[in-house]
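Student: Give me a model of this one.
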Amino acid sequence: MHDDAPLDPFAGDPDDPAASLGDPDEDTAPLSVTEREDVLADLADLEVFRALLEPLGVRGLTVDCGDCGKLHYIDWDLLHGNLRHLLDQGLPRVHEPALSPDPVDYVSWEYARGYVDGVIDSEEGREG
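Tutor: Numbering: from 1, shown residues only. Sure, this is the predicted structure:
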């Protein structure tokens with residue numbers, strides 16, 4: 001399996017600041033069938049969002065982080081990688097917010113979904 005996560009700069013370091021968080025290789029419970037279906041649906045949505053929004057200059061989506069309470073700006077490739085990791089490993093990746101993103105380059109998941117719905121409604125209106 002290919003893992004596109006960045007290399008751990010503290011790998012092998014006995015003073016690794018994340019050592020107190022536990023062993024990342026510990027077995028975790030696999031996603032439930034419902035959770036797995038939800039992640040697969042998110043991946044499918046993400047492909048459509050990107051196909052329609054990237055040509056307009058949108059670089060990715062904003063995500064409200066429940067862990068740190070901040071808004072994260074995440075580009076398309078990283079979003080895809082994060083969802084694949086969740087699907088494959090059963091756990092989300094440790095994350096860091098982007099460095100000085102331009103908020104105008106990102107939209108919320110809800111905005112992206114609404115945009116796609118609008119495109120679909122527009123296409124259906126032309127056909128009817």
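Student: ok, longest helix in this protein?
Tutor: Counting by DSSP state H, the longest helix found in the chain is helix 33-53.
Student: That one packs against which elements?
Tutor: On a contact count with 3 or more Cβ pairs under 8 Å, 6 or more residues apart in numbering; DSSP states H and E, helix 33-53 meets helix 76-89, helix 109-127. (Each C-beta comes from the backbone N, C-alpha and C, glycine too.)
Student: ranking those by burial, who's on top?
Tutor: Comparing the helices and strands packed on helix 33-53 on average neighbours per residue, with mean count of other Cβ atoms under 10 Å, the densest one is helix 76-89 at a mean of 17.
Student: Averaged pLDDT, that helix. What do you get?
Tutor: Averaging pLDDT along helix 76-89 yields 92.
Student: same check, this time on stretch 93-112
Tutor: 86.
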